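Participant: predicted model follows, preceded by the sequence.
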Amino acid sequence: MAKLGVNIDHIATIRQARGVKEPDPVAAAVLAELAGAQGITVHLREDRRHIQDRDVELLRQTVQTRLNLEMALTEEMVAFALKILPDVVTLVPEGRHELTTEGGLDVNRLRTTLKQNVDLLKQAGIVVSLFVEPNLEQIKTSHKVGADYIEIHTGSYCEMRTDADRREQLRRIELAISAARKLGLGINAGHGLNYQNIAPVVALGGIEEFNIGHSIVARASLVGMERAVREMLERLKG
Ligand code: PXP
């Protein structure tokens, strides 16, 4: 069965809306793990709009499963990761004006800088994952720059409104899974997945871990974190 990494960024979004102490993403991570999540993911953005440095520092001490730090490929973030030593770093593109991560990392364009930084992170014992579109060139280059994993961006699939379009996007994801598998890359997936649209992606097989944030936090705000996580874990059984 695929694993579930719960992205708790939007617990911090609610806290930042008031500039107070609650809700604390550290508490959310504890509840998500107690409900069976196999990983906790946070995106420390350059503008610190939700997750703060303090959150990552505390999560490093409290997460019992696996801490996955999503971050942009900048000197500041690489230095931060080398200090905190999360279990996994997922490199993502970052735009200040975007509402959420738009598109995958352009691994081809960034290959030289990526290679250097992937090496640095791996030397520190961190597993490195690259968030990429289901595109064969990007996947081949991810392997060449030394990534351990790719995280397939499922956003395009999630945005499609007709069955035919969804099938086409699923086919792209399927081809990406098979290409990554042949190269020996680990395969995660995420972005835009929810309780309604995840089943066909799970059915493809081959994805080790799903990273899911918004839909779980949205449901948690109504029914509680533990129930929201358990209900997503049910969907991963396929
Ligand atoms: N994976 C990556 C690399 C992301 O940047 C995000 C959004 O922060 C997610 C997964 C989770 O996306 P969502 O919040 O839509 O589930």
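Facilitator: All right, it came through fine.
Participant: C-alpha from now on. contacts and neighbour counts both.
Facilitator: Will do.
Participant: just confirm residue 146 is within a helix.
Facilitator: No. Per DSSP: H, G, I helix; E, B strand; the rest coil, residue 146 lies outside any helix segment and is coil.
Participant: now for residue 163, how many residues are close by?
Facilitator: Using other Cα atoms under 10 Å, residue 163 is surrounded by 9 other residues.
Participant: distance of it from residue 177?
Facilitator: 21 Å (Cα to Cα, to the nearest Å).
Participant: then residue 9?
Facilitator: Where residue 177 is concerned, residue 9 sits at a distance of 27 Å (Cα to Cα).
Participant: between those two, which is the more surrounded one?
Facilitator: When neighbours are counted by other Cα under 10 Å, residue 9 and residue 177 differ, and residue 177 comes out ahead with 25 against 21.
Participant: this protein against the ligand: which residues are in contact?
Facilitator: Within the chain, the positions near the ligand by Cα under 6 Å from any ligand atom are 92, 101, 131, 190, 191, 192, 193, 211, 212, 213, 214, 215.
Participant: quick one, what contacts the third one?
Facilitator: If I follow you right, that is residue 131. Contacts were defined as Cα atoms under 8 Å, 6 or more residues apart in numbering; by that measure residue 131 touches 90, 91, 92, 104, 105, 150, 151, 152, 153.
Participant: from memory residue 73 sits against residue 95, does it?
Facilitator: No. Residue 73 lies out of contact with residue 95 (Cα atoms under 8 Å); the separation is 11.7 Å.
Participant: so the spatially most central residue of the chain is in which element?
Facilitator: Nearest to the geometric centre of the chain sits residue 211, at 4.5 Å (Cα atoms, centre = their mean). In the assignment (DSSP states H and E), residue 211 maps to strand 209-212.
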